[in-house]
Structures are given as structure tokens and as C-alpha cells.
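Undergrad: compute the structure for the input listed below.
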Amino acid sequence: MGERFLAKKVAELQPSGIREFFDIVSTRENVISLGIGEPDFVTPRPILEAGMEALREGETHYTSNAGIFELRQAIAEYLNAKYHVDYHPSNEIIVTVGVSEALYLALTAVIEPGQEVIIPSPCFVSYQAEVILAGGVPVEIPGTLEDGFQPDPEKIARAVTPNTKAILIAFPSNPTGAVASREALQEVAEIARKHDLVVISDEIYENLVYDVEHVCFASLPGMKERTITLGGFSKSHAMTGWRVGYAAAPRDVLQGLLRIHQYTIMSAPTMSQLAALTALTEGMADAEEMRLKYDRRRQLIVSALNEIGLTTFEPHGAFYAFPKITLEGMDDRSFARRLLEEEEVAVVPGSAFGAGGAGFVRCSYATAYHKIEQAMERIYRFVNRYHG
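TA: The predicted model follows:
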């Protein structure tokens, strides 16, 4: 009854396809979850100690709106050292409440009502919703398994209209694990330049890549001036609950993000910022150790899924496999629901991630190796039952 008081754009938002399955999982005791998109590791000890020390020292007050300067400086030095992109810590970097807030700030700052945002999909579930909440219109460009879920420059170029304001990309990809090639990103950059578009690049998984290069979009020639780079520590340093990320952008654009942040958030949690500073300065070895463990799990799950008969291309980033569903009479949603009911393995329907994900399911390998082995045995039974 009270829904009549809601704004239309909110009332019409669809519930997250991920949360629906998590709600079911929470009611069962013996489920092996390949659904959750967060590290199963505990935050490394030096980072934990930094956060606890901050509390013991009384660091419980607001910081500057943009975040602790030493953290912004460390982020700037990191981006410069790794990608040769030069951001000034004083006015081109803002510390946010996770990358989720950074995305909200970026879209709200640049999108006028009715403007379009091109989004290659499948993509993280919040992208289309965040565009709508910012007053924009999401325009999906579905990717394909055959192309390794790379961004398709031809389709992106055809989708550009006089109303297009931005392209939202996210590589390494959640849910596919795809890592965009330098060549594909250079073509996207040319489209952005030709049509004077903003590019919002969510690079939260940048430190979780395997056997390939991650290309920071802002590092491409002429792209820093039109790119908002989103990054953070949640995935690489097992810090999801700390809720700390960042956005980096040219000064004039960054000031727009900061204005919104001032009025909605004030500042990211102080102890989380200090923990993030330690993550950058002392935590990279721990992050690498976790990456190597993910890589071992990646090889297990991809090999097993292909042997089971669920075609899975090799993901080179993040911690997800994205097998294609080939059982007759089942789409991705019915597959996920029946697998959960019959074998107590939780995966997420690919259609939750946009049109490009229909017919696939997302399997997270951010869980223990032995649990993945057990899950593969259960999936084998399930698939064999219906293939047989």
C-alpha cells in the first residue's frame, strides 16, 4: 500500500537475482555455496592489526571528505608505479565506502536525466540499477562465449546515439572472469574519443589476474582526461566488510564526485582507511599469496566443469567461472534452482547479470579447494542424471 509513495524508478527496480538465491541458501545447512562473490579468506593479519590499532588510538572521528591524505597519496603512487597514470592525491582521488559508492558517485556526477550509458554485459548486477537511479538509461551490449566475453567495439559503436553520455566497463569481469585485451580496450577508447564520451572503468579485480595483463583503461593514450577509474581492496585483500574503495579522475570531474560524497557520506570509515593504507604499503605479498590459491582453484573448477560437459571458457581474472547450461528443458534459472534443491550446491543464474548472461551460471571459486571438489561431484551427479 505504501508503495505509492515510492519514486517510480525505485518501485520498478527488480530485486537482485543474487539475493534471491542467498535467501534460499540461508535456510539450508549442508549447502556448498559457489554463489557468493567475496573472498573466503580472513583479512591478512597486518591489515587487521592496523584497523585495531586505529581503534585503540582513538581514530574514531571524521577524516577529510576526500579521505586521509596519506592513503590518497599511497593510491596515487600505486597507480603511477603499476600503470604509469599520474593522479594528484590532493584533488584527483577520493576514498569511498567501497567501490559501490564510487560507482554511485561517478554515475550521479556525470549523468543527466535521460542520458544513455552503454554497458557490456553480462556485468555486475548493480550496474543497470545504478544507472537508472542516477536518472540515466542503461544500454546493454551482450557479449558471447565465442568471443571470450570481450567488449565488442562494433556493437558498442552502433549503440552510440546523440543521447549517449558514458560507457561503463568492468574488467576483470564479474561474472565471467574475462580480462579485456589491450586491443579491444583501445578500440573502446577510440569510440569514446570520437563521440566525446566519459568512460567509467570498474577495476576492483585488477590484482586478481592469471597469465595475462590487466590494462588500466586510464593508462591508454588520451584516456585519463575522460576516465573515472574505480578501485579498492575488497577482493584482492579480503576486505569486503571494511567498505573502503576509491575513485580517481581528472580534477574537474573528481570535484563533482566529492561534492556528492560530502552531502551523502561525509567520509569513509576512518579505521578502514588506515587499514587500507597498510594493505597498500604492507599487504601486497599477502594479496599475491591469495591470488595463487585462487589460481589453483580456478584450474580445478574450469577443468571439472568442462569434463562434466558444461562448456566453460578459461577465465583469466576475478574468481568466477561461467559455464554454459546445455541440459534440455532447463534455462539458467531452473538449473540453479534445481541444483540447489537436489544437490545443495548454490550457483547464480547468469541472467541475473544482464541479457548477455542468459543461459549461463556463475560459479565462484572463492571457497575452499576441498569444497569445490565436493561441489563438482554433486554437479556431475546432477548433470549426469538429466543427460542420462
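Undergrad: could you list the buried residues of stretch 300-320?
TA: For stretch 300-320, burial by neighbour count (16 or more other CB atoms under 10 Å) applies to 300-302, 304-305, 308, 310, 312-320. For glycine as for every other residue, the C-beta is placed from the backbone atoms N, C-alpha and C.
Undergrad: what lies in contact with the longest helix along the chain?
TA: The longest helix of the chain (DSSP state H) is helix 284-308. Defining contact as CB atoms under 8 Å, 6 or more residues apart in numbering, one finds that helix 284-308 is touched by 39, 41, 44, 46-47, 177, 207-208, 210, 236-238, 279, 312, 314-315, 319, 321, 323, 363, 365-367, 369, 372-373, 376, 379-380, 383.
Undergrad: report pLDDT for residue 24.
TA: Model confidence at residue 24, given as pLDDT, is 66.
Undergrad: use 877 as the first number from now on
TA: OK, 877 is where the count begins now, so the last one is residue 900.
Undergrad: return the distance of the longest helix of the chain from the chain's centre.
TA: Averaging C-alpha positions (CA atoms, centre = their mean, to the nearest Å) puts helix 1160-1184 18 Å from its chain's average.
Undergrad: against which helices or strands is the helix or strand following that helix packed?
TA: Next in sequence after helix 1160-1184, counting helices and strands by DSSP states H and E, comes strand 1196-1197. In this structure, strand 1196-1197 packs against helix 1160-1184, strand 1237-1240, with contacts taken as 3 or more CB pairs under 8 Å, 6 or more residues apart in numbering; DSSP states H and E.
Undergrad: pull up the pairing partners for strand 1196-1197, direction included.
TA: strand 1237-1240 (antiparallel) (DSSP bridges).
Undergrad: how far away from the center of its chain is the strand it pairs with?
TA: Taking CA atoms, centre = their mean, one finds the center of strand 1237-1240 at 14 Å from the center of the full chain.
Undergrad: now it: mean pLDDT?
TA: With pLDDT averaged residue by residue, strand 1237-1240 scores 96.
Undergrad: tell me the mean pLDDT over whatever helix or strand comes next after that strand?
TA: Later in the chain than strand 1237-1240, the nearest helix or strand by DSSP H and E is helix 1245-1263. Across helix 1245-1263, the average pLDDT comes to 93.
Undergrad: what's the answer for stretch 1086-1102, then?
TA: What stretch 1086-1102 shows for mean pLDDT is 96.
Undergrad: please apply the same query to stretch 904-916.
TA: 86.
Undergrad: residues in contact with that stretch: which ones?
TA: Identification of contacts with stretch 904-916 by CB under 8 Å, 6+ apart yields 894, 897-898, 901, 1050, 1110-1111, 1114, 1116, 1166, 1195-1196, 1216, 1220-1224, 1238-1244, 1247-1248, 1250-1251, 1254.
Undergrad: start to end distance for that stretch?
TA: Stretch 904-916 has an end-to-end distance of 19 Å (criterion: CA to CA, to the nearest Å).
Undergrad: now distance to residue 1073 too, for the helices and strands packed on strand 1196-1197, in JSON lines please.
TA: Below are those laid out as JSON lines (distance: least, CB to CB, whole Å):
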{"stretch": "helix 1160-1184", "distance to residue 1073": "32"}
{"stretch": "strand 1237-1240", "distance to residue 1073": "29"}
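Undergrad: for residue 957, find the nearest of these.
TA: Checking the helices and strands packed on strand 1196-1197 against residue 957 by CB to CB gives helix 1160-1184 as the closest, at 11.0 Å.
Undergrad: in the chain, what secondary structure element scores lowest on mean pLDDT?
TA: When each helix and strand of the chain is scored by mean pLDDT, DSSP states H and E, helix 893-901 comes last, with a mean of 66.
Undergrad: per-residue pLDDT, the nearest residue to residue 879 once chain neighbours are set aside?
TA: With CB to CB, 6 or more residues apart in numbering as the criterion, residue 879 has its nearest non-adjacent residue at 5.6 Å, and that residue is residue 887. Note on residue 887: pLDDT of 81.
Undergrad: distance of residue 887 from residue 1013?
TA: Residue 887 sits 17 Å away from residue 1013, going by CB to CB, to the nearest Å.
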